[in-house]
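> fold the following for me, if possible:
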Amino acid sequence: MVTRENHQDDAPETLDADEIFWADLQPWLRSTGYELRRRYRPSWVPSWKQRKTSLFWWEFEDSLKAKHPSVMDAKRTVDGSSVMLKKVRVSDHPMEVELTKYLASELKDEKNHSPDLIDVLTVPEDHNMRILVFPLLRRFDDPEFDAVIELIEFLRQIIEGVQFLHHNRIAHRDIGVLNIMMDTSMYPDGFHPAAPSKTPDFREDAKHIPRNVAHPRYFLIDFGLAVRYEYAELQPRAVPVRGQDKTVPEFAAPGGMQNAYDPFPTDIYYLGNFIREHFFEGKDDKKAKLGLEFLRPLVEEMCSTDPSKRPDIDAVSEKFSVLAGGIPHSRMKARLKSKDEGMWESMKLGTTHAYRKLKYKDHE
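Prediction:
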């Protein structure tokens with residue numbers, strides 16, 4: 001067992017309870033072909049404690065903690081590729097492993113925007129715990145969208161991904177900013193999984209190429225709350241459960257959390273509200289975007305307080321295609337501006353956008 005005594009709970013040399021879970025599994029994970037970072041290896045001693053140094057502790061790679069209690073980065077020993085490990089307690093999420101395996105088996109369909117599944121491991125002495133192994137992915141909006149066409153393509157892919165799920169009678173039930181990712185194609189030289197702005201060795205800033213060059217693929221992840229129905233089930237019902245979006249109208253109504261509901265219209269709300277909050281209104285550290293008003297009628301329809309008045313995903317896809325198809329080419333190639341940009345910020349971003357267009361004009 002790994003213990004760290006006589007330290008502050010939030011000190012970098014302290015492994016928290018979730019990290020200790022992974023550190024305890026490290027020898028077994030190595031035997032299965034996956035190597036954790038040195039922070040999680042037996043007898044780890046922080047680099048900044050081993051010798052006198054003028055560097056601060058946060059300048060050392062082994063100071064980086066895992067970002068999510070259920071997820072850990074690792075490397076495959078067979079080829080050195082970066083992967084992500086996710087622990088799943090089957091009794092808590094009984095459908096997640098099988099749904100993830102099913103979706104991974106259907107990746108030949110280009111409309112399937114679920115991630116590949118590299119491996120499924122059963123934790124020794126805990127047959128209720130599985131470790132799912134995925135390729136390394138990256139947050140969908142890091143780096144920021146530069147041109148209008150980039151955001152339109154992102155939305156097209158995510159709508160397509162939800163459409164694939166619904167056509168396969170799968171309701172995600174937790175669509176939102178935390179469960180949308182993209183591949184690593186914008187970073188051909190890689191990045192550090194626990195510090196995405198840094199190179200894999202944690203020594204320099206990671207460099208990326210534009211989206212119009214990389215053409216990243218976007219993914220819907222985390223099927224812990226997802227449910228699947230038979231095609232013959234014409235009136236699907238599910239027990240209400242709250243995901244990351246706490247604003248679902250049907251759950252807020254009196255008795256809403258006690259009444260069975262149809263999860264497919266709720267998925268439409270989740271998707272519409274994600275677009276509304278993240279791009280129309282701005283949320284957390286992200287500013288609202290300008291020039292997207294052509295999508296507002298569709299988004300408002302998707303977010304109707306009455307689930308029966310929301311379009312199904314096929315109607316969403318069709319309406320989105322019509323609306324996006326009506327945008328002039330020059331507008332699609334223009335910079336995606338943010339609300340409340342200051343003059344100097346606007347000039348800087350405009351110059352960077354113009355430089356990228358000139359440098360990568362062959363990809364336009």
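> run through the bridge partners of A195.
Here A195 sits in beta bridges with H192, as judged by DSSP bridges.
> how deep is it tucked in, by neighbour count?
For A195, the count of nearby residues is 16 (other Cβ atoms under 10 Å). All C-beta atoms are positioned from the backbone trio N, CA, C, and that covers glycine.
> could you tell me how far it is located from K65?
10 Å (Cβ to Cβ, to the nearest Å).
> repeat for I20
12 Å.
> could you do V120 as well?
Counting by Cβ to Cβ - V120 and K65 are separated by 25 Å.
> kindly report the same for R331.
Counting by Cβ to Cβ, the gap from R331 to K65 is 43 Å.
> tell me the domain ranges of the protein?
17-135, 138-363 (automatic domain parsing).
> so how far is the longest one off the chain centroid?
When you say that, I think you mean domain 138-363. The chain centroid and the centroid of domain 138-363 are separated by 10 Å, computed with Cα atoms, centre = their mean, to the nearest Å.
> isn't H278 up against K286?
Yes. Counting by Cβ atoms under 8 Å, H278 does reach K286; the two are 6.2 Å apart.
> which neighbours do the two share?
Taking Cβ atoms under 8 Å, 6 or more residues apart in numbering as the contact rule, H278 and K286 both touch D141.
> please say which of those two ends up with more neighbours.
Using other Cβ under 10 Å, the more surrounded residue of H278 and K286 is H278, with 19 against 15.
> quick one, what contacts that one?
Taking Cβ under 8 Å, 6+ apart as the criterion, H278 is in contact with D141, V177, K286.
> try it again at 10 Å.
H278 makes contact with F140, D141, G176, V177, I180, D284, K286, A288, K289, according to Cβ atoms under 10 Å, 6 or more residues apart in numbering.
> mind listing what the first one touches?
Residues in contact with F140 (Cβ under 10 Å, 6+ apart) are F154, Q157, I158, V177, N179, I180, M181, M182, P216, Y218, F219, H278.
> rerun that using 6 Å as the cut-off
Contacts for F140 (Cβ atoms under 6 Å, 6 or more residues apart in numbering) come out as I180, M181, M182, Y218.
> burial measure for the closest residue to G243 other than its chain neighbours, as a count.
Leaving aside its sequence neighbours, G243 sits nearest to D174 (Cβ to Cβ, 6 or more residues apart in numbering; 3.3 Å). By the other Cβ under 10 Å criterion, the neighbourhood of D174 contains 21 residues.
> helix or strand: which one has D174?
Per DSSP states H and E: D174 is located in neither a helix nor a strand.
> that one against V227, yeah?
No. When contacts are counted by Cβ atoms under 6 Å, D174 is not listed as touching V227 (11.0 Å).
> which stretches of the chain have low pLDDT?
Where the chain drops to pLDDT under 70, the residues are 1-11, 341-364.
> make it 80
Applying pLDDT under 80 to the chain flags the ranges 1-11, 51-55, 255-256, 283-286, 338, 340-364.
> what about the longest helix in it?
Scanning the chain for the helix with the most residues, using DSSP state H, yields helix 148-167.
> may I see the buried residues of that helix?
148-155, 157-166 (16 or more other Cβ atoms under 10 Å).
> show me what it is packed against.
Helix 148-167 sits against strand 218-220, helix 313-325, with contacts defined as 3 or more Cβ pairs under 6 Å, 6 or more residues apart in numbering; DSSP states H and E.
> may I have that helix as CSV, with CA atoms only?
Written as CSV, here are the backbone C-alpha positions of helix 148-167 (Å, rounded to 0.1, in the frame of the first residue of the first chain):
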residue,chain,number,x,y,z
VAL,A,148,-16.7,29.9,-38.0
ILE,A,149,-16.4,26.8,-40.2
GLU,A,150,-14.5,25.0,-37.5
LEU,A,151,-17.3,25.3,-35.0
ILE,A,152,-19.9,24.4,-37.6
GLU,A,153,-17.9,21.2,-38.4
PHE,A,154,-17.6,20.4,-34.7
LEU,A,155,-21.4,20.8,-34.2
ARG,A,156,-22.1,18.7,-37.3
GLN,A,157,-20.0,15.8,-35.9
ILE,A,158,-21.6,15.9,-32.5
ILE,A,159,-25.1,16.0,-33.9
GLU,A,160,-24.1,13.1,-36.1
GLY,A,161,-22.8,11.2,-33.1
VAL,A,162,-26.0,11.7,-31.1
GLN,A,163,-27.9,10.6,-34.2
PHE,A,164,-25.9,7.4,-34.4
LEU,A,165,-26.6,6.6,-30.8
HIS,A,166,-30.4,7.3,-31.1
HIS,A,167,-30.6,5.2,-34.3
